[in-house]
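K.L.:
What shape does this take:
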Amino acid sequence: MPLYKLEEFDPNYRETFGGADVKALELYTESGMLVGSIADALVDQDGRFRYLVVSTNLDATHKKILLPIGLSHINYPAKRVYVDGLSKEQVANLPEYHENLVLDEDYEEKVRNVFRSLTTHVVYERENYSYQQEPDLYNLNDQYHQTFRLYEERLIANKQRVKTGEVAVGKHIETETTRVRVPVQKERVVIERVKPTAADTIVDPKEVKFQGGEVARIEVYEETPEIRKQAFVREEVKVRKVIEQETVEAQDTIRREELDIDTTGDTTLKQV
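P.N.:
Numbers count the residues shown, from 1 in each chain. As a prediction, this is how the structure comes out:
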């Protein structure tokens, strides 16, 4: 897989590390012996540290080598990088690194073979090898090891119910004066004196019985209006809610980070 020099991958890598520069650090063994200095760092296409380029200075021998990142402990505050037991024999057995060297999988395998323990049983397959197979060499859990992350903003649309108003439906009483006409009947007694038809007929007094106190009674009736109020359902009012669907558009400016890769010289890059 392709590897990139630190500044090729991120020209502003110092800002990424808060002003710290790994290329300004010296390399020491855990016992405190100066081994050399860090000349550069190599990262993969995801920005993960894979190797430190070390300019060694052992017994006046100057040689650039690759040190797998998992074997180092970077201490920016102390401005030092520590490596556990880098021996002269290992330095001698490591292939020399040149600035214009195009790294391939076979070259990396030569580097790994120098640092592998006798108990390592990793089977190297050029097409299928991954750094995760050997966490001891490429473990990135140290707090000072950095991974470049490319960020991108996106718009997130959420909905929130907001009360925009209220409709109150009630009823009140209105009064009005109304009139109704009711025809009524009244009875009255009409007393009419008329000339008898047999006014000249002579009646024997013996045949006539005179009686005093005879009374004719006629009941007289009158209709009176009976007015009462009656309630009835005039109309019904139904109150309900309906949901209307509409689409609301919003726009904003979002940002996305892209890689800037600068190459110098005869450098071949392969991105996957």
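
K.L.:
So, low pLDDT: which residues of the stretch 151-272 of the chain?
P.N.:
For the stretch 151-272 of the chain, applying pLDDT under 70 flags the ranges 151, 198-200, 263-272.

K.L.:
Show me which residues of the longest helix along the chain are buried.
P.N.:
In the chain, assigned by DSSP state H, the helix with the most residues is helix 105-115. For helix 105-115, burial by neighbour count (16 or more other Cβ atoms under 10 Å) applies to 108, 111-112, 114-115. Any C-beta I mention is one placed from the backbone N, CA and C, and that applies to glycine too.

K.L.:
what do you get for stretch 5-14?
P.N.:
5-6, 8-10, 13-14.

K.L.:
quick one: which of those is nearest Val43?
P.N.:
Comparing the buried residues of stretch 5-14 against Val43 with Cβ to Cβ picks out Phe9 as the nearest, at 5.2 Å.

K.L.:
circling back: now tabulate the buried residues of helix 105-115 in TSV and tack on pLDDT.
P.N.:
Formatted as TSV, these follow (pLDDT from 0 to 100):
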residue	pLDDT
Glu108	91
Val111	92
Arg112	91
Val114	91
Phe115	89
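
K.L.:
As TSV, those with distance to Val123 would be great.
P.N.:
Below are the buried residues of helix 105-115 laid out as TSV (distance: Cβ to Cβ, whole Å):
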residue	distance to Val123
Glu108	15
Val111	17
Arg112	12
Val114	18
Phe115	17
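
K.L.:
for the residues you listed, which one is nearest Thr178?
P.N.:
Nearest to Thr178 among the buried residues of helix 105-115, with distances taken as Cβ to Cβ, is Glu108, at 105.7 Å.

K.L.:
Mind jotting down where the strands sit in the stretch 101-250 of the chain?
P.N.:
Remark: no strands are assigned in the stretch 101-250 of the chain by DSSP state E, counting those that start in this stretch.

K.L.:
Going along the chain, name the helices of it.
P.N.:
105-115, 135-138 (DSSP state H, counting those that start in this stretch).

K.L.:
would you list the ones you listed in TSV and tack on distance to Val182?
P.N.:
Formatted as TSV, these follow (distance: least, Cβ to Cβ, whole Å):
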stretch	distance to Val182
helix 105-115	115
helix 135-138	108
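
K.L.:
closest one to Met33 among those?
P.N.:
Closest of the helices of the stretch 101-250 of the chain to Met33 is helix 105-115, at 18.0 Å (criterion: Cβ to Cβ).

K.L.:
packing partners for the closest one?
P.N.:
Judged by 3 or more Cβ pairs under 8 Å, 6 or more residues apart in numbering; DSSP states H and E, helix 105-115 is in contact with strand 61-68, helix 88-93.

K.L.:
For the stretch 1-150 of the chain, give me the ranges with low pLDDT.
P.N.:
Ranges of the stretch 1-150 of the chain meeting pLDDT under 70: 60, 118-119, 140-150.

K.L.:
So what's the residue count around Leu101?
P.N.:
13 (other Cβ atoms under 10 Å).

K.L.:
still on that earlier bit, just the buried residues of helix 105-115 now: which is nearest Asp260?
P.N.:
Once Cβ to Cβ is applied, the member of those that ends up nearest Asp260 is Glu108, at 25.2 Å.

K.L.:
can you tell me how far that closest one sits from Arg256?
P.N.:
Separation of Glu108 from Arg256 (Cβ to Cβ, to the nearest Å) stands at 32 Å.

K.L.:
number of nearby residues for the nearest residue to Lys79 once chain neighbours are set aside?
P.N.:
The shortest distance from Lys79 to any residue other than its chain neighbours is 5.5 Å, reached at Leu25 (Cβ to Cβ, 6 or more residues apart in numbering). When counting by other Cβ under 10 Å, one arrives at 20 neighbours for Leu25.
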